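Enquirer: Sequence below, structure please.
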Amino acid sequence: KLGTAVALALAFGLVSGVTFGGTQYLTSRLAGEKGGSSKTSATLTTGNSKGKLGATSTSSATTVTDVSDIVENVMPAIVQVTNISVTEYQSIFGRYQSGEQESAGSGIIISQDADYIYIATNNHVVADTKSLTVTFNDNSAVEGEVQGTDETTDLAVIKVKVSDLDKSTLSAIKVATIGSSDNLSVGESAVVIGNALGYGTSVTTGIISAKDREVSLQDDNGNYITNKLIQTDAAVNPGNSGGALLNMNGEVVGIVSAKYSDTKVEGMGYAIPMSTASSIIERLMQGETITNDG
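Expert: Numbering: from 1, shown residues only. Coordinates of the predicted model:
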């Protein structure tokens with residue numbers, strides 16, 4: 001479990017890290033010790049294996065270098081979320097006071113009814129909110145409202161009134177297509193779209209690095225909550241929280257939520273799999289209250 005080495009990917013937040021005591025020892029053990037050697041009749045496998053073990057097969061996979069069509073199609077479904085929250089801090093005189101703090105995250109348009117457009121994001125993106133602003137792909141911004149949250153899975157749903165949007169905005173945005181995270185293969189290409197650093201929506205690419213990684217995050221009460229997440233090496237930065245992890249069909253297969261943060265670590269971002277998120281999001285859209293026991 002990664003514990004405190006994982007930082008939530010919310011812009012303007014604090015980033016925690018971890019040192020790796022014992023790395024040098026581990027390296028020396030893996031290097032082995034000098035000793036005698038013996039001859040072997042084994043050879044490198046260049047075709048069919050003639051031994052007891054089967055040989056790996058060759059692949060027809062190709063490197064994906066252009067995802068512009070995916071981005072063009074999905075970008076209208078990604079929003080920027082600005083949260084003005086109320087936080088408590090200790091003054092230089094030792095007194096506890098309340099103040100406002102602005103943070104930036106991302107969201108995914110997932111549904112629409114006659115009155116509202118619904119947006120999936122992370123619970124920590126909307127935590128302690130006083131006001132929410134949702135900015136769409138055409139740079140128009142409207143007030144948002146929290147429809148529901150689930151702290152255990154770090155999921156939330158925001159809604160905005162259809163009547164608050166201009167016709168031009170309604171014609172410029174889309175509802176994201178949801179895919180199956182169960183069908184993901186480790187090593188397949190992936191795309192992350194979100195509001196990195198609060199600068200506006202941007203795109204990074206990589207692969208699915210691992211599935212079902214157990215990641216522990218600390219909630220507002222100091223408790224550690226462990227969930228199984230998708231790991232990707234597509235760059236995840238503060239502000240990407242609530243954004244989309246996409247497969248090569250342009251389907252949302254995960255909701256970006258965290259990254260591994262340390263000076264010695266690169267390319268370890270995490271997303272909530274849609275196989276977990278979909279049912280929770282459906283319940284939040286319906287206004288259900290989700291408790292720790294389900």
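Enquirer: Quick one: low-confidence residue ranges for the stretch 151-294 of the chain.
Expert: Counting by pLDDT under 70, the stretch 151-294 of the chain shows low-confidence ranges at 220, 291-294.
Enquirer: Okay, strands next: where are they in the stretch 101-250 of the chain?
Expert: Ranges of strands within the stretch 101-250 of the chain are 116-121, 129-135, 141-150, 155-161, 189-194, 202-218, 224-232, 244-246, based on DSSP state E, counting those that start in this stretch.
Enquirer: Please report phi then psi for Val252.
Expert: Dihedral pair for Val252: phi -80, psi 120, per degrees, to the nearest 10.
Enquirer: ok, back up a step: which among the strands of the stretch 101-250 of the chain is found nearest to Val71?
Expert: Proximity to Val71 (C-beta to C-beta) singles out strand 202-218 among these, at 5.3 Å. (Each C-beta comes from the backbone N, C-alpha and C, glycine too.)
Enquirer: next one: the closest one to chain centre, how far?
Expert: Mean-position distance between strand 202-218 and its chain equals 7 Å (C-alpha atoms, centre = their mean, to the nearest Å).
Enquirer: which parts of it are buried?
Expert: 202-209, 213, 215, 217 (16 or more other C-beta atoms under 10 Å).
Enquirer: Stretch 108-125 now?
Expert: Those would be 108-112, 116-125, for stretch 108-125 by 16+ other C-beta under 10 Å.
Enquirer: Please apply the same query to stretch 135-144.
Expert: Buried residues in stretch 135-144, counted by 16+ other C-beta under 10 Å: 135-137, 140-142, 144.
Enquirer: contact partners of that stretch?
Expert: Contact with stretch 135-144 is made by 75-76, 78-82, 119, 131-134, 158-161, 164-166, 168-169, 172-173, 201, as judged by C-beta atoms under 8 Å, 6 or more residues apart in numbering.
Enquirer: Quick check on these: which are buried?
Expert: 75-76, 78-82, 119, 132-134, 158-160, 165, 169, 173, 201.
Enquirer: contacting residues for Ser257?
Expert: For Ser257, the contact set (C-beta under 8 Å, 6+ apart) comprises 8-9, 122, 124, 154, 217, 229, 241-242, 270-272.
Enquirer: Most neighbours among those residues, please name it.
Expert: Sorting those by how many neighbours each has (other C-beta atoms under 10 Å) puts Gly242 first, at 34 neighbours.
Enquirer: so what's that one up against?
Expert: Contacts of Gly242 (C-beta under 8 Å, 6+ apart): 81, 105-108, 120-122, 125, 156, 194, 255-257.
Enquirer: cool, Ile225 as well?
Expert: Neighbour list for Ile225: 151-152, 154, 216-219 [criterion: C-beta under 8 Å, 6+ apart].
Enquirer: Show me the two of those that sit farthest apart.
Expert: Glu151 and Ser216 (14.0 Å).
Enquirer: quick revisit: in CSV: the contacts of Ser257, plus distance to Ala190.
Expert: Shown next, in CSV, are the contacts of Ser257 (distance: C-beta to C-beta, whole Å):
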residue, distance to Ala190
Leu8, 20
Ala9, 15
Asn122, 18
His124, 22
Asp154, 20
Leu217, 21
Leu229, 13
Ser241, 17
Gly242, 17
Tyr270, 12
Ala271, 9
Ile272, 14
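Enquirer: with the residues you listed in mind, which one is nearest to Ala235?
Expert: When the contacts of Ser257 are compared for distance to Ala235 (C-beta to C-beta), Ala9 wins out at 10.3 Å.
Enquirer: Helices of this structure, residue ranges please.
Expert: Ranges of helices in the chain, per DSSP state H, are 23-31, 68-74, 167-172, 274-285.
Enquirer: right, and the ones you listed - which one's nearest Met248?
Expert: Met248 lies closest to helix 68-74 among the helices of the chain, at 7.1 Å (C-beta to C-beta).
Enquirer: Name the residues that touch the closest one?
Expert: 174, 176, 191, 193, 203, 244, 246, 248, 250, 252.
Enquirer: residues in contact with the closest residue to the second one other than its chain neighbours?
Expert: What that stands for is Ala176. In this structure, Ala176 finds its nearest non-sequential neighbour in Ala77, 3.8 Å apart by C-beta to C-beta, 6 or more residues apart in numbering. By C-beta under 8 Å, 6+ apart, the contact list for Ala77 reads 108-109, 173-176, 244.
Enquirer: again, only this time at 7 Å
Expert: Counting by C-beta atoms under 7 Å, 6 or more residues apart in numbering, Ala77 makes contact with 108-109, 173-176.
Enquirer: For stretch 132-143, give the mean pLDDT please.
Expert: What stretch 132-143 shows for mean pLDDT is 97.
Enquirer: gap between the nearest residue to Thr204 once chain neighbours are set aside and Val256?
Expert: With C-beta to C-beta, 6+ apart as the criterion, Thr204 has its nearest non-adjacent residue at 4.0 Å, and that residue is Ala235. Per C-beta to C-beta, to the nearest Å, Ala235 is found 11 Å from Val256.
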